[in-house]
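A.B. asks: Let me see the structure of the following:
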Amino acid sequence: MLHFLQAKLNFGKGPPSPSVFIRIVAGLAGEGRSVWKKDPNSSPVSETQMFLYDTFPTEFLWGVGTGAFQVEGSWRKDERGPSIWDRFIHAELKDTDSTDVSSDSYTLLDKDVSALDFLGVTFYQFSISWSRLFPTGVVAAPNKRGLQYYNTLIDSLIYRNIDPVVTLYHWDLPLTLQEQYGGWKNESVIDIFNDYATFCFQTFGDRVKYWITIHNPYLVAWHGYGTGIHAPGEKGKITTVYAVGHNLIKAHAKVWHNYKKHFQPYQKGLMSIVLGSHWIEPNRSEDTLDISKCQQSVERVLGWFAKPIHGDGDYPEDLKNESFLPRFTEDEKKYIKGTADFFAFSFGPNNFKPPNTLPKMGQNLSLNLREVLNWIKLEYDSPRIFIAENGWFTDSHVKTDDTTAIYMMKNFINKVLQAIKYDNIDVFGYTAWSLLDGFEWQHAYKIRRGLFYVDFKSEKKERIPKSSALYYKQIIQENGFFPRESTPNVQAQFSCDFSWGITESFCDPNLYLWNITGDGLLHKVEGVKLKTRPAQCTDFVSIKKQLDLLEKMKVTHYRFALDWSLILPNGDLSVVNRQVLRYYRCVISEVLKLNIHSMVTLYYPTHAYLGLPGPLLHTGGWLNQSTAYAFQDYAALCFQELGDLVKLWITINEPNRLSDVYNRSSSDTYQAAHNLLIAHAMAWRTYDEQYRSFQHGKVSLSLHSDWAEPANPYFESHTKAANRFLQFEIGWFADPIFKTGDYPATMREYIHFKNTKGLSHSSLPSFTSEERKLIKGAADFYALNHFTTRFVIHEPQNGSQYEFDRDIQFLQDITCLSSPSRLAVVPWGVRKVLKWIKRTYGDIDIYITANGIDDQSLDNDELRNYYLEKYVQEVLKAYYIDKVKIRGYYAFKLTEEKSKPRFGFFTSDSKGKPSIKFYNNLISNNGFPADYSVCDPSNSDKQCSFCLFVSQKKPLIFFACCLFSTLILLLTIIVFHKRKRRKPHFQQHS
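C.D. replies: I've put the predicted structure just below:
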């Protein structure tokens with residue numbers, strides 16, 4: 001599914017100066033290729049490329065559109081003549097009901113007008129059914145009922161201050177003209193069309209100020225006379241296709257000149273032709289051949305009609321090389337050139353489907369509306385642009401919950417806003433397509449495109465607003481986009497004892513000692529006995545590497561994980577690897593010398609490495625409760641051996657994500673979670689009862705705690721789904737520990753509900769009363785790993801799996817800034833989850849134990865800098881404004897791993913990235929201070945610098961002290977001996 005949100009505030013600011021494109025020279029054929037020549041140095045977090053919160057120009061026009069054949073219905077009523085689509089349906093779409101089952105706008109005009117009132121649009125774009133006015137297509141006495149319908153429609157719009165935008169031809173050619181003349185293949189139809197247009201100008205022109213001659217002539221020619229998927233369904237030669245296109249251009253030009261000469265002087269209207277197109281991106285943006293192919297692709301669709309009308313009066317040069325293309329005379333070129341008062345543009349699914357009929361030239365289709373608008377600007381001398389059709393579609397079974405359509409609309413409209421604000425493109429109106437569900441051409445009723453849902457088989461055919469209608473109404477009311485979640489930045493600091501940390505998954509599990517036998521080589525620790533001297537922490541070369549990296553980070557805390565399977569290879573205390581324990585103790589003690597305290601994680605499972613000792617894994621792992629007791633023994637050993645140096649412990653990292661491993665069934669998932677909870681609680685009780693009194697540390701577990709936002713704010717089911725996600729994801733472990741000693745009631749009730757419906761056979765394990773007492777309160781703080789916000793929809797699912805029990809799906813918001821691994825950057829989500837934790841579990845201490853983003857860049861990780869700045873700012877708001885007791889923030893992570901998303905501040909070969917300096921500044925400022933610092937970091941920096949100097953130069957200082965002491969001793973001896981010699985001398989002279 002498509003979806004995406006996030007942005008940068010832009011209130012009261014002018015557009016940024018950097019241009020999106022390398023060069024902007026408008027009005028020359030071929031200049032559109034500049035759009036694809038991207039600046040290789042452009043920033044991934046450029047303000048000009050992100051979602052824009054701003055408003056449209058004051059006079060911007062908002063509207064909706066329909067096609068007569070799609071929504072009017074009543075095809076045999078009141079002497080309407082048949083069109084080519086009426087015959088096409090019965091001949092080619094035999095399994096499709098006639099358009100009589102459509103929205104029936106012809107008889108339900110009042111309901112259409114009420115729908116327009118609801119939206120608050122400034123215009124309504126509709127088409128006139130040619131055969132409803134003139135059943136044979138030839139102008140004679142008009143059909144009175146048809147004439148009355150259009151007069152009533154126009155008058156109703158004018159009464160409501162809604163401008164009518166009238167299309168003369170939207171594909172429904174009178175059937176008689178097809179049968180007698182061959183349709184648009186015959187030039188005779190041009191004059192007949194002009195006669196029809198003249199009647200419309202005479203009859204409606206006093207009230208209509210915007211006219212469209214033909215809607216998307218490319219589709220008329222290509223699909224009507226080429227592929228045959230549109231009426232009249234001819235699968236002709238390529239010469240026929242281009243002959244039809246040739247005639248459509250000349251028909252448009254004739255009507256435009258007719259209006260310009262005879263009607264515009266006193267009716268004061270404007271006229272254009274709606275041209276549609278796809279968009280395409282090169283496989284390689286730096287490849288000139290790929291760019292040329294993209295240029296050819298767009299020229300063969302949009303340029304085919306746009307260059308003669310909006311350009312120089314002739315076809316694109318690439319097309320003119322084809323022998324099948326008709327030629328314009330010089331007089332015709334002059335006659336056609338400039339026959340549009342604005343550029344009317346269509347960008348929707350009909351321009352992309354079927355994809356195999358498009359001239360893709362081996363390149364990639366794209367929905368980037370902003371870029372195609374830039375192409376139009378560059379190719380056709382910055383015309384005024386009217387978006388005459390834009391929107392997407394849903395499947396026919398979708399009723400009012402068209403969530404995907406909301407995000408497509410959001411993306412499209414914001415691209416238009418960006419084009420206006422950043423690229424100075426003159427777009428003056430936008431048409432959402434369409435007002436109502438209706439007949440969708442070759443798809444018939446298999447898809448829906450309306451903002452209003454219509455049950456075609458119902459008698460009343462009520463217009464029921466979909467989510468997209470509510471969203472579009474909001475955009476119209478606000479004339480753009482206002483940030484609802486973001487709030488102004490604060491200038492403040494965290495508490496002076498705030499923990500600034502960095503997280504690493506593991507310390508290097510491959511442990512080596514250097515030069516232990518005097519040979520100057522590295523040796524693995526197993527089976528090695530020190531022969532030359534007592535063991536020292538500096539023997540572990542990996543520690544020196546870690547210290548170097550940590551020193552550069554300037555953090556106060558370092559979170560890393562122990563490896564259970566290395567410390568206890570058998571899973572129990574029968575074999576304890578003291579060398580590994582010594583290694584970990586060395587890590588902690590050496591890091592402490594840098595004035596960096598360790599937060600130690602006992603168990604850190606990942607998708608690739610479950611981290612359990614082999615014997616425990618072979619006996620069922622976390623499905624066997626004996627593993628919980630083994631974990632208690634392991635934890636007690638670690639507390640005993642390392643606890644005097646460690647004040648912050650994490651028992652288990654993200655147990656709520658182990659469902660990805662124990663996913664054979666929901667029974668496995670829930671049982672593994674049950675045993676993990678008991679294991680944590682027993683470890684916590686062990687520390688509380690045996691070690692806390694003299695070690696004075698704190699213990700918790702880290703929960704993956706992404707925020708969940710309802711993807712569709714207009715549907716209660718989405719709000720419930722988002723809350724359900726939080727309960728199944730976070731409450732699953734947090735409720736037993738921080739609240740009740742048992743699983744969330746919401747979770748139990750929903751699983752029971754699904755069981756009663758026969759949709760699942762899942763069941764949550766039960767805690768005994770002793771286990772509830774054991775688990776409740778078994779944490780000293782809340783530790784969360786947070787990376788993104790998930791947009792959630794309600795999606796009923798059948799099956800006995802943890803994922804199915806939740807009945808949710810995620811929607812990717814395509815308007816969001818996102819990382820290479822598609823993590824959406826939604827800073828306000830972390831503040832929301834922090835407030836939710838406080839509201840749900842009370843005023844408890846909170847540590848953010850992992851927060852970060854993957855950034856592909858190795859030498860300029862701007863995305864990570866942006867992420868850090870925005871997320872820490874939201875954390876500060878939660879601390880400063882919402883009074884959430886946040887005690888520490890740990891960035892994720894120290895070093896990246898090869899062949900994995902690049903989350904690290906350092907590369908896998910320990911090369912530092914620019915984000916290190918950015919994080920350094922955050923730490924030294926302790927947030928975002930004003931002009932002064934409450935904690936006076938300058939003094940502490942000096943103090944820390946001295947401490948660092950002492951710790952780093954300890955051997956040298958020790959040597960210097962010894963040398964100094966030796967010198968003092970030598971001087972003392974010399975002085976003593978001199979005095980001793982002088983005493984006899986004095987005695988002799990006395």
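A.B. asks: quick one, what contacts residue 339?
C.D. replies: Contacts for residue 339 (Cβ atoms under 8 Å, 6 or more residues apart in numbering) come out as 252-253, 256-257, 273, 309. In short, each C-beta sits where N, CA and C put it, glycine included.
A.B. asks: how about 6 Å then?
C.D. replies: By Cβ atoms under 6 Å, 6 or more residues apart in numbering, the residues touching residue 339 are 253, 256, 309.
A.B. asks: The residue nearest to it when sequence neighbours are not counted: which element?
C.D. replies: In this structure, residue 339 finds its nearest non-sequential neighbour in residue 256, 4.1 Å apart by Cβ to Cβ, 6 or more residues apart in numbering. According to DSSP states H and E, residue 256 maps onto helix 238-262.
A.B. asks: Could you do residue 344 as well?
C.D. replies: Residue-wise, residue 344 maps onto strand 343-347 under DSSP H and E.
A.B. asks: Please list the residues outside that strand that contact it.
C.D. replies: If you take Cβ under 6 Å, 6+ apart as the criterion, strand 343-347 is touched by 216, 272, 274, 276, 369, 383, 385-390.
A.B. asks: Go again with 8 Å.
C.D. replies: The contact list for strand 343-347 (Cβ under 8 Å, 6+ apart) reads 212, 215-216, 272-277, 279, 306, 310, 369, 372-373, 376, 380, 383-390, 412.
A.B. asks: Show me the strands paired with it, marking each as parallel or antiparallel.
C.D. replies: Counting by DSSP bridges, the strands paired with strand 343-347 are strand 270-276 (parallel), strand 385-390 (parallel).
A.B. asks: Tell me the buried residues in that strand?
C.D. replies: For strand 343-347, the neighbour count (16 or more other Cβ atoms under 10 Å) marks 343-347 as buried.
A.B. asks: Which neighbouring elements make contact with the helix holding residue 256?
C.D. replies: With contacts defined as 3 or more Cβ pairs under 8 Å, 6 or more residues apart in numbering; DSSP states H and E, helix 238-262 has these neighbours: helix 188-204, strand 210-215, helix 217-222, strand 270-276, helix 304-310, helix 330-336.
A.B. asks: can you redo the ones you listed as JSON lines with mean neighbour count?
C.D. replies: Below are the helices and strands packed on helix 238-262 laid out as JSON lines (neighbours: other Cβ atoms under 10 Å):
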{"stretch": "helix 188-204", "mean neighbour count": "19"}
{"stretch": "strand 210-215", "mean neighbour count": "25"}
{"stretch": "helix 217-222", "mean neighbour count": "24"}
{"stretch": "strand 270-276", "mean neighbour count": "25"}
{"stretch": "helix 304-310", "mean neighbour count": "24"}
{"stretch": "helix 330-336", "mean neighbour count": "15"}
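A.B. asks: Nearest to residue 717 among these would be which one?
C.D. replies: Nearest of the helices and strands packed on helix 238-262 to residue 717, taken as Cβ to Cβ: strand 270-276 at 35.3 Å.
A.B. asks: between the closest one and helix 238-262, how many degrees?
C.D. replies: Note on geometry: by axes from the mean of the first three to the mean of the last three Cα atoms, to 10 degrees, strand 270-276 and helix 238-262 are set 160 degrees apart in direction.
A.B. asks: Would you mind pulling the contact partners of strand 270-276?
C.D. replies: Applying Cβ under 8 Å, 6+ apart, the set of residues contacting strand 270-276 is 167, 209-219, 252, 255-256, 259-260, 264, 301-302, 305-306, 309, 339-348, 350-351, 386, 388-389.
A.B. asks: follow-up on the earlier one: let me know the angle separating the strand holding residue 344 from strand 210-215.
C.D. replies: 50 degrees.
A.B. asks: How many residues are close by residue 353?
C.D. replies: Residue 353 is flanked by 18 other residues according to other Cβ atoms under 10 Å.
A.B. asks: Same check on residue 973?
C.D. replies: Residue 973 has 10 nearby residues by other Cβ under 10 Å.
A.B. asks: does it count as helix, strand or coil?
C.D. replies: Following DSSP: H, G, I helix; E, B strand; the rest coil, the label given to residue 973 is helix.
A.B. asks: Which parts of the stretch 601-750 of the chain are helices?
C.D. replies: Using DSSP state H, counting those that start in this stretch, the helices found in the stretch 601-750 of the chain span residues 614-618, 626-642, 666-690, 692-695, 716-726, 732-738, 745-756.
A.B. asks: Make CSV from those and add distance to residue 895 and mean neighbour count to it.
C.D. replies: Output for these, formatted as CSV (distance: least, Cβ to Cβ, whole Å; neighbours: other Cβ atoms under 10 Å):
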stretch, distance to residue 895, mean neighbour count
helix 614-618, 27, 15
helix 626-642, 22, 20
helix 666-690, 27, 22
helix 692-695, 29, 13
helix 716-726, 31, 19
helix 732-738, 28, 23
helix 745-756, 37, 16
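A.B. asks: Out of those, flag the one nearest residue 912.
C.D. replies: Closest to residue 912 of those, according to Cβ to Cβ: helix 626-642, at 28.7 Å.
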